[in-house]
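[1] Here is my input; please provide its structure:
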Amino acid sequence: MENQTTVSEFTLLGFSYLPKLEHQVFFMFLLIYLTSLSGNLLIMILILTDNHLHTPMYFFLGNLACVDICYSQVTGPRMLLDFYSKKKIISYRSCLSQAFFFMCFASYECFLLVVMSYDRYVAVCQPLHYVKIMSWKNCTKLIIVVWALGSSYSLVEILLTLRLTFCGPYTIHNFFCDLPQLLNVSCTDTFINMQVLFVLGGLISISASSTTFLPYVSIFYTVHKIQTKNIKLKAFSTCSSHLTVICIFYGTLCFAYLHPHSRHFDADIVVAVVYTAILPLLNPIIYSLRNGEIRSALGRIKKKYFF
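    Have a look, this model is predicted:
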């Protein structure tokens, strides 16, 4: 029987199965991290400085960029540091903090996509009431609700994790402290934790995804009835970027948490890379390439400061 002690630190195995490619993988992830950070920062700067983007839609997009920056900060710097660390050790408190903030920002993005979907629904299906419904006061309230729900869910999960004890070896088969990995190395009965994670997490995921996708049924029906081609194309263009982000976000998370886990953990780590590093990178690319107003704002910035 393994010794049961008070754990003080964990070992993150990370990419230890790729020792010969360590330098190449490091520079690849450094490039992804810096591109993601600069892309989301650029979107935030454009929205803050360009008066044409001071609308509810871009207010929520700015919040999404902020969440993506925080999301990548939770895992990115630590992962890059561990490439050149002989002992990939993280303290118990740091591990729980990382797990908490990772769940927080993942939950924030989940709820924020719901709010952005509702904003597009009101803009397309109830345009005459848009200014009243999506007033700055109501937008602020919606953001507060998003942050409150995400923080509350993460706090419940972490408080339940605090009751667990851990048995050596304290090894986590990932490059960051994900909650399921923590439960796997516990020697306490994790039935309650798993049930809460499955029921509460599943309830949030199903309710959030359904309330995110359902408004697009009404949106597509309304757009289909529009006779003017230019207005129809504009309505589709403003929704297509958001819908693309939604599909990538939920598709990635579903694949990450619903696929059968590999016994050798290599596949699990690759999937974790997708939703921790690639996902925050894709959002600014999608919105900058597919959104005409973002491209126009970028052009105005170039003319003002570089030409």
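[2] so what's L142 closest to, chain neighbours aside?
    Nearest-residue entry for L142: V115, 4.9 Å, with adjacent residues in sequence omitted and distances by CB to CB, 6 or more residues apart in numbering. No exception for glycine: its C-beta is placed from N, CA and C like everyone else's.
[3] any idea how far that neighbour lies from E157?
    22 Å (CB to CB, to the nearest Å).
[4] Repeat that for M44.
    Going from M44 to E157 by CB to CB gives 29 Å.
[5] is it true that I246 touches F213?
    Yes - if you go by CB atoms under 8 Å, I246 and F213 touch, sitting 7.0 Å apart.
[6] which residues do these two both contact?
    S117 (CB atoms under 8 Å, 6 or more residues apart in numbering).
[7] Which positions in stretch 148-160 come out as buried?
    L149, G150, S151, Y153, S154, E157, I158, L160 (16 or more other CB atoms under 10 Å).
[8] Pull it out as PDB, backbone CA atoms only.
    The C-alpha coordinates for stretch 148-160 follow below in PDB (Å, rounded to 0.1, in the frame of the first residue of the first chain):
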ATOM      1  CA  ALA A 148     -19.800  35.300 -11.200                       C
ATOM      2  CA  LEU A 149     -21.000  32.000 -12.700                       C
ATOM      3  CA  GLY A 150     -17.600  30.900 -13.900                       C
ATOM      4  CA  SER A 151     -15.900  31.800 -10.500                       C
ATOM      5  CA  SER A 152     -18.600  30.000  -8.500                       C
ATOM      6  CA  TYR A 153     -18.400  26.800 -10.500                       C
ATOM      7  CA  SER A 154     -14.600  26.700 -10.300                       C
ATOM      8  CA  LEU A 155     -14.700  27.500  -6.500                       C
ATOM      9  CA  VAL A 156     -17.000  24.600  -5.900                       C
ATOM     10  CA  GLU A 157     -14.700  22.200  -7.700                       C
ATOM     11  CA  ILE A 158     -11.600  23.400  -5.900                       C
ATOM     12  CA  LEU A 159     -13.200  23.300  -2.500                       C
ATOM     13  CA  LEU A 160     -14.100  19.700  -3.000                       C
END
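[9] got the contact list for that stretch?
    96, 99-101, 103-105, 107-108, 110-111, 179, 192-193, 196-197, 200-201, 204.
[10] Using ChimeraX, define a selection of the buried residues within the residues you listed.
    Buried subset of those, written as a ChimeraX selection, criterion 16+ other CB under 10 Å:
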select :96,99,100,101,103,104,105,107,108,110,111,179,193,197,201,204
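[11] In strands only, show me the contacts of stretch 148-160.
    Members of the contacts of stretch 148-160 lying in strands (criterion: DSSP state E): none.
[12] how about the strands of the protein, start to end?
    Here the chain has its strands, by DSSP E, at 4-5, 9-12, 89-91, 166-167, 171-172.
[13] I'd like those strands as CSV, with distance to K232 and mean neighbour count appended.
    Shown next, in CSV, are the strands of the chain (distance: least, CB to CB, whole Å; neighbours: other CB atoms under 10 Å):
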stretch, distance to K232, mean neighbour count
strand 4-5, 65, 12
strand 9-12, 50, 19
strand 89-91, 52, 16
strand 166-167, 57, 17
strand 171-172, 50, 17
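[14] can I get these in TSV with distance to L81?
    Putting those into TSV (distance: least, CB to CB, whole Å) gives the following:
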stretch	distance to L81
strand 4-5	26
strand 9-12	10
strand 89-91	10
strand 166-167	23
strand 171-172	16
